[in-house]
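# next comes the sequence, and after it the predicted model I'd like to discuss.
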Amino acid sequence: IVQRTTGCAMRLSILVLLSAVDETLGFTSSQSWNDRGIGKLQMSSSAGGAGGSATSVVSWEDLTQQIGQTAVGKALNEDAEQRLKGRGSPNVHNKMRLFDSKFSESKKPAITLFRDHAGWCPYCEKTMLLVEEKQVPLQIDLVPMRSYGDKPREFLRKVPNGLLPAIEVQGQVITESSVIMELLDRWHPTEDGYRPMMPDENDVSGQKKYTELARLERELFSWWCTLMFRPELPAVGGNMIKNLFGGGGEAMSGSMQGFMDCMKKVDSALADTEGPWFFGKEYPTMIDFVFASHIERMLASCAFWKGLDLRDSKWGMDSLIRWLDAFDRKPYFLAFKGDYYSTVLNIEPQYGPAYDGGFD
């Protein structure tokens, strides 16, 4: 594709990419491209046939060097250097996270997290969301999901079943995201300056609430799987009668109705707190991350296969929307959040084929 792209088209692609970064890095729309150094990007030309000239494509090395001289390029390169040291911004390709801890490149954390290299595993994602919010220092080893390639032999020697995520601590390997998240929370207590991610062991009502919410998340996931990965039957009974006799509303299949009813339970649970999060704290906790990674996939899949926009205000799930908006203001969530199109494409290799249905 690169070889078939003209220099002008390549330059346009770069401008579009850098324009998208502008807001994040603080550029204003009043700044011209030349002010930002973009106008200095040069494309080489060579004479074409008798009818005109042809434009050759600048090498990636030249583009990298030229972009690195711009304000945007310098900022990105500086951040990339910091990320190699375990600092810098959250990123799906980070190999180490040190935050403000005592660890360094020479004195690395004892915990190694194995997670998928593309950021498409929902269980790896929820684990990383907790790591970023709690700022747990650890090393990261990126491993392909089974859906996208063979796992390295070295990893399979440590984790024979190939499950992701996994952590290794002093030669001991532990799998299952929920177990890993609980252990990371327990190993980094509040007395050491870390935010708690779960209710205190002596908080009976908090523990009960967490258990109920965890069951609700599994119920929601079950309804989503039923809606997406099984043929959806036509709407029958009350829905059909309501529409035939002018009652209004959307006709839903049984699986759609079950999914929406369960999602409204989630909205009600969020409405019970003053803040956007499930436990009403000023920051999200473990149960928020447990829900977030799969609801992200529900938003994309429902829109694509079912014509259902869960963020539409007509469904009356204002607390859910408030929760989603609060996550979208978290840089680490945006670092792992996929766009709808990419998310839809990576669902089928992991879960199987989905079925069209829902609304037009």
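Structure's in. What do you need? On a predicted model such as this, the values are computed, not experimentally measured, just so you know.
# so how far is residue 102 from residue 87?
With the distance defined as Cβ to Cβ, to the nearest Å, residue 87 ends up 13 Å from residue 102. Placement of C-beta: from N, CA and C, glycine included.
# so the two - more neighbours on which side?
Set side by side, residue 87 and residue 102 show more neighbours around residue 87, with 16 against 8, by other Cβ atoms under 10 Å.
# what about the more buried one, distance to residue 287?
Counting by Cβ to Cβ, the gap between residue 87 and residue 287 amounts to 29 Å.
# ok, which stretches of the stretch 101-250 of the chain are strands?
Assigned by DSSP state E, counting those that start in this stretch, the strands in the stretch 101-250 of the chain fall at 111-116, 138-143, 166-169, 172-175.
# quick one, which of the ones you listed is nearest to residue 352?
Distances from residue 352 to each of those were compared using Cβ to Cβ; the shortest belongs to strand 111-116, at 18.0 Å.
# tell me the angle the closest one makes with strand 138-143.
Orientation of strand 111-116 against strand 138-143 (axes from the mean of the first three to the mean of the last three Cα atoms, to 10 degrees) gives an angle of 30 degrees.
# partners of strand 111-116 in the sheet?
Each strand that strand 111-116 pairs with, and the sense of that pairing, follows from DSSP bridges: strand 138-143 (parallel), strand 166-169 (antiparallel).
# run through who's touching the first one.
Applying Cβ atoms under 8 Å, 6 or more residues apart in numbering, the set of residues contacting strand 138-143 from outside is 93-97, 108-109, 111-117, 131, 151-152, 155, 164, 167.
# try it again at 7 Å.
94-97, 108-109, 111-117, 131, 151-152, 155, 164 (Cβ atoms under 7 Å, 6 or more residues apart in numbering).
# can you point out the buried residues in the host helix or strand of residue 255?
Under the criterion of DSSP states H and E, residue 255 resides in helix 254-271. Of the residues in helix 254-271, those buried by neighbour count under the rule 16 or more other Cβ atoms under 10 Å are 254-260, 262-264, 266-267, 269-270.
# repeat that for stretch 172-188.
Neighbour counts over stretch 172-188 (16+ other Cβ under 10 Å) mark 173, 175, 177, 180-181, 184-185, 188 as buried.
# tell me the secondary structure for the closest residue to residue 260 other than its chain neighbours?
Of all residues beyond its chain neighbours, the one nearest residue 260 is residue 252 (6.8 Å), with distances taken as Cβ to Cβ, 6 or more residues apart in numbering. Each residue gets one of three states, and residue 252 gets coil by DSSP: H, G, I helix; E, B strand; the rest coil.
# tally of neighbours for residue 252?
Based on other Cβ under 10 Å, the number of other residues close to residue 252 is 21.
# with residue 320 as the reference, measure out to it.
18 Å.
# likewise for residue 259?
Using Cβ to Cβ, residue 259 is found at 13 Å from residue 320.
# and the longest helix for this structure?
Longest helix of the chain, by residue count under DSSP state H: helix 204-229.
# and it, what does it pack onto?
helix 254-271, helix 286-306 (3 or more Cβ pairs under 7 Å, 6 or more residues apart in numbering; DSSP states H and E).
# in stretch 102-112, what's buried?
Those buried within stretch 102-112 under the rule 16+ other Cβ under 10 Å are 103, 109, 111-112.
# and that stretch, how far from the chain's centre?
Relative to the centre of its chain, stretch 102-112 is centred 25 Å away, using Cα atoms, centre = their mean, to the nearest Å.
# what is the end-to-end distance of that stretch?
When the termini of stretch 102-112 are compared using Cα to Cα, to the nearest Å, they are 16 Å apart.
# cool, stretch 78-91 as well?
Looking at stretch 78-91, the gap from its leading to its trailing residue is 14 Å under the measure Cα to Cα.
# list the buried ones in it?
The neighbour-count criterion (16+ other Cβ under 10 Å) identifies 83, 86-88, 90 as the buried residues of stretch 78-91.
# can you list the domains in the protein?
Here the domain assignment for the chain is 7-77, 85-192, 204-351, based on automatic domain parsing.
# you'd agree residue 115 is up against residue 122?
No: taking Cβ atoms under 7 Å as the contact criterion, residue 115 and residue 122 are not neighbours in contact, 11.2 Å apart.
# in terms of neighbours, single out the busier of these two.
A direct count of neighbours by other Cβ under 10 Å for residue 115 and residue 122 places residue 115 higher, at 25 against 22.
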